[in-house]
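A.B. asks: Model the following, please.
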Amino acid sequence: MTTLPPRHVDLGTFPTPVEPLPRLAAALGLQPNDLWVKRDDLTGLGGGGNKIRKLEWTVGAALAEGATTLVTTGAPQSNHARLTAAAAARLGMNAVLVFPGSPGASHSGNLVLDGLLDARIVWAGDADADRLAQEATAVTERLRRQGERPALIPFGGSSPLAARGYLRCAEELMAQVADLHHAVVALGSGGTMAGLVAGLGAERVLGVDTGARAEIAAAVCEFAAPISVTAPTTEDLRIRHDQVGKGYGVFTDQVAAALLLAARTEGLILDPVYTGRAMAGLISAVQDGDIKPGEKTVFIHTGGLPGLFGHRDAVAFAEQRVRHGWDS
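C.D. replies: Numbering: from 1, shown residues only. Next up, the predicted model:
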């Protein structure tokens, strides 16, 4: 029997640009030409971000199966959920987002965009990751009984299929930055790093753990193995766990410093959960010699700006600087 290739649907604007960061490089003690940023916050649809590359594959598979509704899970400020809703809107589909918690706790950030995109939100109450997955499955089954054709998109949009999106990104990077030493990326659900590892090799990819998923190294290997020439092992991976702090989404001094440094040196805006942690990890890697002057380093900007406006502590930090002005 012939196995058909996975279906792909065009959702983003590619290739995304690579831009130099000479002032940030100088602030970190690197050479001016050492540090660059891959602008995957400029992927276009729904406010942009890395999830678009994954959704091109997972939503493509859903369309191939005749789906009319996309169901997914995440935190209430999930970038993946926002972009799943945007993909559904673009393609004339429905979107159902299953979140922990209850309505009314927050109305800002990504939730504003979820509303504009006309996504239906199901609140799962006090649910851990397993309970949330169970609720999403139950919602999918209920929709099917009601005559809809739902497709369940995995947490964070990550799967071996979805990782193909960042295999393509790796190909773009190789064409844009031929002498690449390090690609630094936030590590959430694992699919983004997995695709980069498959395309660039584990030795060139530095993932900064955000605390979003337990056993994250194993997840990266699981997603990377089917699309890699040589399947990576957990020992092959370069992962920094020094930016998790007190847990996923908890604002830290290191992240605050990274947000401020990127903004004031390059006008580069990061978010407090993913790219802020990734930049803090890059700074830490330079400080301890894991990244050295003369080594071409690309920071993968995975987007997430709307989430900044839904993060109370990050907003308070920025507002404090406005209030204090020159004294801050």
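A.B. asks: mind listing the helices for the stretch 101-250 of the chain?
C.D. replies: Listed in chain order, the helices of the stretch 101-250 of the chain (DSSP state H, counting those that start in this stretch) span residues 110-116, 129-145, 164-176, 191-200, 216-224.
A.B. asks: neighbours of residue 123, just the number please.
C.D. replies: Other residues lying near residue 123 total 16 when counted by other Cβ atoms under 10 Å. C-betas here are computed from N, CA, C, even on glycine.
A.B. asks: repeat for residue 115
C.D. replies: Residue 115 has 12 nearby residues by other Cβ under 10 Å.
A.B. asks: List the buried residues in the lowest-mean-pLDDT helix or strand in the chain.
C.D. replies: Using mean pLDDT, DSSP states H and E, helix 312-324 stands out as the lowest-scoring helix or strand of the chain, at a mean of 90. Buried residues in helix 312-324, counted by 16 or more other Cβ atoms under 10 Å: 314-315, 317-318.
A.B. asks: residues in contact with whichever strand or helix holds residue 83?
C.D. replies: Residue 83 is part of helix 79-91 when elements are defined by DSSP states H and E. With contact meaning Cβ atoms under 8 Å, 6 or more residues apart in numbering, helix 79-91 is reached by 9, 11, 45-47, 49-52, 54-55, 59, 63, 69-70, 72-74, 93-95, 97, 99, 110, 113-114, 117-119, 153, 155-157, 189, 274, 303-304, 306-307.
A.B. asks: If any of those residues are buried, give me the ChimeraX selection for them.
C.D. replies: Here is the ChimeraX selection string for the buried members of the contacts of helix 79-91, based on 16+ other Cβ under 10 Å:
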select :9,11,45,46,47,49,50,51,52,54,55,59,63,69,70,72,73,74,93,94,95,97,99,110,113,114,117,119,153,155,156,157,189,274,303,304,306,307
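A.B. asks: quick one: which of the contacts of helix 79-91 sit in helices?
C.D. replies: 51-52, 54-55, 59, 63, 110, 113-114, 306-307 (DSSP state H).
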